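Q: Sequence first, predicted model second:
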Amino acid sequence: MIYIAIILGCILGAIIGSLSPVIPYTYSSYLSIAIVAALDTVFGGIASVVKGNFDLKIFLSGFFGNSILSIALTYLGEKLNVDIYLAAIVVFVGRMFTNLAIIRRYYIDKWVNMIEKNKDNNIEKKDEKATE
Amino acid sequence: MKEKIIITITIGLTALILTMIMFTQFKTVDKTDITAIETMRETELRSELTSWREKYEEINSKVSETDAKISEYKQELDNDENIANLLQEEVKEAEGYLGYTKLQGQGIVVTLQDSNVDITYSDLLRLVNELNAAGAEAISINDERIVSRSDIATVDYIKILVNDSRIFSPYEIKAIGDKKYLASALNVKYGYIDEMRNNEKIVEYAEQDNIVIPAYEKKLEFNYAKENIVEE
């Protein structure tokens, strides 16, 4: 159900995004930093699902709050003539990697467990056959 | 169950928003000529623009300045040409006064001839004086131009020298000027011609419309005289 919603949302978003007008290059840097922030929140959300402590409120607030905060920081950096958005990108991408590591470990564990279970099952079945 | 639906919808919406923004950004990046502006940001571009504009204005003002200078020079050149022309004309006029140019015009030709009584240098001198007094503009004796420093001299009261060259009878004196006036000045009663004829000297004169008087051929120069630079 959730996967269907995600796929549907992605397809619809792609269509709308492709049809939307081109925004000025000046503002595209703000948009890109917002995208990085949102992606970070998404990976964070997946990681929290994996951990089993997913909270929709936290996810939503992170999704929008991080995006807006990163845009505000970039704007501030623009005004101060300091590339603050670089710091934001470093933080977000770093967090994305840690979250990805959590997800990876979880799935690898799951996979390894599954293989071992299959092996155990096979051995048990062989044993059963042998005993018969 | 209801909670699950809400979660599904919100996550779907976030996915929608995220992908929408991402695709917008993709499109923007794709459409923007990034190679041209590279990593430049708006402020940099703006400062660049202002600097270019300043340069443009500077160059523009320089161009107009140079144009003004050119027109000034042109005017000066014109003036110079005018001055040069004027100077040349002045030089020509001065040369004319000095006697360095061949002149022509109306005037009279007086011929004096030796007979029983010789013509003396003083007759010529007087004649020249009379003609000058009558307003002659150019005078020559036997094609020797009379100028400001011309001499009419004699050696032994026989030989007559004009401009240091010996001349012989008949003496032909040409004078350019108002021909009627010159003739009447000589012809007046008890005047030059009258007197000469009383002295049995042969004098002829003729009014002519086109007398040609040659130029002075010697050089006029100052060896001792200097311009007076002391202001009075």
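A: Right, received. Where do you want to start?

Q: Briefly note if the helix or strand where residue A:98 lies comes near chain B.
A: Element membership of residue A:98, judged by DSSP states H and E, is helix A:84-131. No. Helix A:84-131 lies apart from chain B when judged by Cβ under 8 Å from any Cβ of the partner chain; the minimum separation is 10.4 Å. Using the backbone N, CA and C atoms, a C-beta is placed for each residue, glycine as well.

Q: how distant is that helix from the center of its chain?
A: When distances are taken as Cα atoms, centre = their mean, to the nearest Å, helix A:84-131 is centred 16 Å away from the chain's centroid.

Q: so which strand or helix has the most centrally placed residue in chain A?
A: Central residue of chain A (Cα atoms, centre = their mean): residue A:43, 1.8 Å from the mean position. Using DSSP H and E, residue A:43 sits in helix A:25-51.

Q: Now do the very next helix or strand once past that helix and helix A:84-131, the angle between them.
A: Following helix A:25-51 in sequence order, the next helix or strand is helix A:56-80 (DSSP H and E). In terms of direction (axes from the mean of the first three to the mean of the last three Cα atoms, to 10 degrees), helix A:56-80 departs from helix A:84-131 by 150 degrees.

Q: Which residues belonging to helix A:56-80 are considered buried?
A: A:59-60, A:62-64, A:66-67, A:70-71, A:73-74, A:77-78 (16 or more other Cβ atoms under 10 Å in any protein chain shown).

Q: what angle do whatever helix or strand residue B:60 lives in and helix A:56-80 make?
A: Using DSSP H and E, residue B:60 sits in helix B:42-98. Interaxial angle of helix B:42-98 relative to helix A:56-80 (the same axes, to 10 degrees): 20 degrees.

Q: what comes up buried for whichever helix or strand comes after helix B:42-98?
A: Using DSSP H and E, the helix or strand that follows helix B:42-98 towards the C-terminus is strand B:103-113. Within strand B:103-113, the residues that count as buried by 16+ other Cβ under 10 Å are B:103, B:105, B:107-110, B:112.

Q: burial count for the residue of chain A found nearest chain B?
A: Relative to chain B, the nearest point of chain A is residue A:17 (2.5 Å; Cβ to the nearest Cβ). A count of nearby residues for residue A:17, using other Cβ atoms under 10 Å in any protein chain shown, gives 20.

Q: sorry, back to before: can you redo the buried residues of strand B:103-113 as JSON lines with pLDDT and distance to residue A:96?
A: Shown next, in JSON lines, are the buried residues of strand B:103-113 (pLDDT from 0 to 100; distance: Cβ to Cβ, whole Å):
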{"residue": "B:103", "pLDDT": "87", "distance to residue A:96": "110"}
{"residue": "B:105", "pLDDT": "91", "distance to residue A:96": "113"}
{"residue": "B:107", "pLDDT": "92", "distance to residue A:96": "118"}
{"residue": "B:108", "pLDDT": "92", "distance to residue A:96": "124"}
{"residue": "B:109", "pLDDT": "92", "distance to residue A:96": "124"}
{"residue": "B:110", "pLDDT": "91", "distance to residue A:96": "127"}
{"residue": "B:112", "pLDDT": "88", "distance to residue A:96": "131"}
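
Q: want to throw those residues into a markdown table with distance to chain A?
A: Formatted as a markdown table, the buried residues of strand B:103-113 follow (distance: Cβ to the nearest Cβ, whole Å):
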| residue | distance to chain A |
| --- | --- |
| B:103 | 87 |
| B:105 | 89 |
| B:107 | 95 |
| B:108 | 100 |
| B:109 | 101 |
| B:110 | 104 |
| B:112 | 109 |
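
Q: now, which of those residues sits nearest residue B:157?
A: Nearest to residue B:157 among the buried residues of strand B:103-113, counting by Cβ to Cβ, is residue B:112 at 15.8 Å.

Q: Which strand residues bridge that closest one?
A: Residues in a beta bridge with residue B:112, per DSSP bridges, are residue B:171, residue B:203.

Q: Then residue B:152?
A: Taking DSSP bridges as the rule, residue B:152 bridges to residue B:162.

Q: contacting residues for it?
A: Counting by Cβ atoms under 8 Å, 6 or more residues apart in numbering or on different chains, residue B:152 makes contact with B:121, B:124-125, B:128, B:141, B:146, B:160-162.

Q: now, which of these lie within helices?
A: Judged by DSSP state H, the contacts of residue B:152 include B:121, B:124-125, B:128 as members of helices.

Q: Of those - the most surrounded one?
A: Neighbour counts for the ones in helices among the contacts of residue B:152 peak at residue B:124, which has 22 neighbours (criterion: other Cβ under 10 Å).

Q: Does that one touch residue B:169 like I think?
A: No. Assessed by Cβ atoms under 8 Å, residue B:124 is found out of contact with residue B:169, at 10.7 Å.

Q: okay, stretch A:47-55 in PDB with CA atoms only?
A: The C-alpha trace of stretch A:47-55 is given here as PDB (Å, rounded to 0.1, in the frame of the first residue of the first chain):
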ATOM      1  CA  ALA A  47      16.200   4.400   8.500                       C
ATOM      2  CA  SER A  48      13.800   5.100  11.300                       C
ATOM      3  CA  VAL A  49      11.300   2.600   9.700                       C
ATOM      4  CA  VAL A  50      14.100   0.000   9.600                       C
ATOM      5  CA  LYS A  51      14.800   0.800  13.300                       C
ATOM      6  CA  GLY A  52      11.100   0.700  14.100                       C
ATOM      7  CA  ASN A  53      10.800   4.100  15.600                       C
ATOM      8  CA  PHE A  54       9.200   5.900  12.600                       C
ATOM      9  CA  ASP A  55       7.100   8.900  13.500                       C
END
